[in-house]
Structure formats: structure tokens, C-alpha cells
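*Asks:* Build me a model:
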Amino acid sequence: MRELFIDSSRGLAGDMLGAALLELFDDSSAMVGRLNTIGIPGIQYRLEKSKSYAIAGSHLHVEYLGEEEGHEQHHGHHHRSLGDIGKIIDGLNLSDALKDRVRAVYRSIAEAEAKVHGTDVELVHFHELGAMDAVADITAACVLVDALNVSRVTVSPVCTGFGSVHAAHGVMPVPAPATARLLEGVPCYAGQIEGELCTPTGAALVRHLANSFGQAPAMTPLAEGYGLGRKDFGQLSCVRAILGETEESILELCCNVDDMSPEAVGFAIEELLRHGAPDAWYEPIGMKKTRPGLLLCCLCREEQRDEMVRLLFQHTSTIGIRETLCRRYVLKRSEEVITTPYGPVRRKISEGFGVDRRKEEYEDLARIAREQKLSLNELKELLHDA
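*Replies:* Got it, this is the predicted structure:
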């Protein structure tokens, strides 16, 4: 099982997290190219290799209409509402699941700001440059974690820093009020550095991406990345990301049902998957009194057991659930971006146990097929010939 550990003990910001994640890929430049095809209006990503306090890492530069937040004056820009941001996310070249995740992370920031300022979330307006920078950072982190294809994300307790920081509304305490809201329920501590180590975007991202908080899990490291910070606090400021493999065991939960409509069964499976079940399915079976029925099953990790059991009871008519502990073997999965006459196409790679499989991303093929007015088979043949 592939796991990701995010070390936030020396800082946590959206661009730092994105840079650390990019360093985990064999071809980080190809992944930057993928980010630049997502279609965030006016946004351009650029990865710069650098060094800080003798540690080699990267800076992820995010420019909006040629400007980078915190580097240039940006007078004259407009403000955007949460609704405006939602429309931008709807138009991105991403799967619906990734759009939902990006939307959820950004909304959590808006809700935190609304609570801090005592207003309705729909009335919160964000400075255009800052808003687009946050959308870019959030989208990059969500896309990169998805591309790493990890089963679990663990984040260290978050170091916030202490003291005060100058903001648009004057001098604010550290952590800033919105950051403090976003860190509710998240293990965190002030640390020894005076200054803002954790930004609202960083807090929102780990809150949504983390499956758990704590020390690094026991695993075999595969890659390590350092996302360097912009500020100099007199010592190394970075997010460290470690990709590793662990031996995996998984639970299989099953129940028998014979009195549910097909729509209800489909909805139950969708809910299990939406809440994080690695897989869910049903099989036709014969039940007592010669009734035809269904065996409804889902896979889950041990820490998901209670939630999945609750969902099975809530969304099915069963009165009993069986649990089996299984050992799971999975291929190592990764993603690359290939260049085609019709534009970039993501390709999934599955390797291990003497197997090497490669398959183009359906969402990319479907988009191109619609644009070119081709069937999927016709497009696959053209790509194969090319």
C-alpha cells in the first residue's frame, strides 16, 4: 500500500505543499505541464529548484496574469465571491471528484473567513490575486495527491508559529483567526519560531487531505520532497513529503439483502465510495425461502470500519453485517502525461509482480473524442497510429 506522510513541523503553505509533492514524481516537469493544462484562467505554474540552509528543494511559483502574490503590487484587481470561484472550478479540466474536492477545500476557507468577520459565506469577497493564487495552490495539491495514488495520507501535528503578522485588516495574532478556525480539531502547536508558519490555505488542505495526524507511519520510503518557503525565519522553512510503501491488510464487510430496489442498491454503493471505501460492489445470490437476493460488499481500512458499518445499516435493509480480514496485494500505480496530436493525455501506469500495464485516462479521451466528434475506439486507433 502506498502512503504519503506530510511533515508540517517547519511550515505549511499551499505553494510549499505543492512543491514538496512535485518532487515525489520521477518527472516533475511533466507534472507541472499537467497542472498548466487544468485551465485555471490566467494561472501559470513554474517549478524552481533551489536550496535553503544546505537542503535542496523546490519553490512552486504561481503567477496570475504575470503577477505572483506577495511579490508585486497589484492595485486595480477586482474582488471575487465564492460563487465566482465556484464557476471557475466548474470549468476546470478535472474529473468531477477532483472538482468537488477543490471546491470543498476552498469553501472551508470562505466559511472560516465568514465566521471571523461575522458575515454570510456568500457575502465574503476575496481579492482577485489572492483568490486565484489560493485556487491554484489548492488545485495543484489535490491533483498531485490524486496522481500519487496513495491509499492513506498522514500529516504531522501542525506547527503554527506565534506572535503577530501584518494583514489587510491590520496586525493579527498568529495563527491568524481564519487559520485558527481551520485548525479546529487538528493537532497543532506554536513551536519556537516567531512568525506565521501555517497559512489558511495550508491549514485547509491538510484538513481535507489527511486521513490521520501523527508521526510518520512505519513504511519503506520511495521518494522524498522538500517544498521550500519564501520567508527566512533564521532556519529551514519547508514542507517535507515522504512517499512510501506499507504492507496492507484490509477489511471486507458484506451483507445479504432481498428487499431493496435497484436504485437504492446503486445509491448505497455510491455513498460507500463517496465516503472513502476503496471498493464496493454487489453480486446476485440465492437466499432462504428460494428468494433471489444480493450480496453487497465493500472494502475498508480498519479505521474506516465504524463509518462503513454505519453507512451499510443506514442505506441498506440488512440487519446483519459480516467482517473478514484480508491481505491485499496491489500493483504500484503512477501517472504520466503523454503528448498527442490532440493535446496532452494522462496515462495510468500499473507495475509490479512482473506486470506492466498502461492505460490512457478515460476523462481525457472522452473530452478529445467529443471535441473531434469521434468514437472512443476511433480515437484510440488514431492515438495508437500516432
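
*Asks:* which non-adjacent residue is nearest the residue most central in space within the chain?
*Replies:* The residue lying closest to the centre of the chain (C-alpha atoms, centre = their mean) is residue 142, at 2.9 Å. Of all residues not flanking residue 142 in the chain, residue 101 sits nearest, at 4.9 Å (C-beta to C-beta, 6 or more residues apart in numbering). C-beta: built from backbone N, CA, C; applies to glycine.

*Asks:* again with residue 3
*Replies:* residue 152 (4.7 Å).

*Asks:* Wait, that neighbour touches residue 214, no?
*Replies:* No - taking contacts as C-beta atoms under 8 Å, residue 152 lies outside contact range of residue 214: 11.5 Å.

*Asks:* Which one's more surrounded, these two?
*Replies:* residue 152 (18 against 12; other C-beta atoms under 10 Å).

*Asks:* residues contacting that one?
*Replies:* The neighbours of residue 152, taking C-beta atoms under 8 Å, 6 or more residues apart in numbering as the test, are 1, 3, 4, 211, 212, 217, 301.

*Asks:* In a strand, the third one, correct?
*Replies:* Yes - residue assignment for residue 4, taken from DSSP: H, G, I helix; E, B strand; the rest coil, places it within a strand.

*Asks:* Can you report how many residues neighbour it?
*Replies:* Residue 4, neighbours per other C-beta under 10 Å, totals 26.

*Asks:* so it touches residue 155, yeah?
*Replies:* No - Residue 4 is beyond contact range of residue 155, at 9.1 Å (criterion: C-beta under 8 Å).

*Asks:* Can you list phi and psi of the residue nearest to residue 3 for me?
*Replies:* Backbone torsions for residue 152, taken as degrees, to the nearest 10, come to phi -150, psi 140.

*Asks:* ok, back up a step: using the three-state scheme, assign the residue nearest to residue 142.
*Replies:* helix.

*Asks:* Which elements pack onto the helix or strand where residue 86 lies?
*Replies:* Using DSSP states H and E, residue 86 maps to helix 82-90. With contacts taken as 3 or more C-beta pairs under 8 Å, 6 or more residues apart in numbering; DSSP states H and E, helix 82-90 sits against helix 96-117, helix 128-148.

*Asks:* angle of it against helix 96-117?
*Replies:* 160 degrees (axes from the mean of the first three to the mean of the last three C-alpha atoms, to 10 degrees).

*Asks:* Out of the helices and strands packed on helix 82-90, which gets nearest to residue 374?
*Replies:* helix 96-117 (22.3 Å; C-beta to C-beta).

*Asks:* Can you give the contact residues for that closest one?
*Replies:* Contacts to helix 96-117, defined as C-beta under 8 Å, 6+ apart, come from residues 82, 85-86, 89-90, 92, 94, 120-121, 123-124, 126, 134-135, 138-139, 142-143, 146, 177-179, 181-182, 200-201, 204-205, 207-208.

*Asks:* For it, what is the distance to the chain centroid?
*Replies:* Its chain's C-alpha centre lies 13 Å from the corresponding centre of helix 96-117 when counted by C-alpha atoms, centre = their mean, to the nearest Å.

*Asks:* just stretch 123-135 next, same as before
*Replies:* The answer for stretch 123-135 is 20 Å, by C-alpha atoms, centre = their mean.

*Asks:* Ok, stretch 121-136 next?
*Replies:* 19 Å.

*Asks:* Look up how far residue 219 lies from residue 248.
*Replies:* 11 Å (C-beta to C-beta, to the nearest Å).

*Asks:* Give me the common contacts of the two.
*Replies:* Between them, residue 248 and residue 219 share no contacting residue, judged by C-beta under 8 Å, 6+ apart.

*Asks:* Can you give me every residue that contacts residue 281?
*Replies:* Contacts of residue 281 by C-beta under 8 Å, 6+ apart are 269, 296, 297, 298.

*Asks:* Need the three-state assignment for the residue nearest to the last one when sequence neighbours are not counted.
*Replies:* If the residues on either side of it in the chain are set aside, residue 298 comes closest to residue 280, at 4.0 Å by C-beta to C-beta, 6+ apart. At residue 280 the chain is in strand, as set by three-state DSSP.
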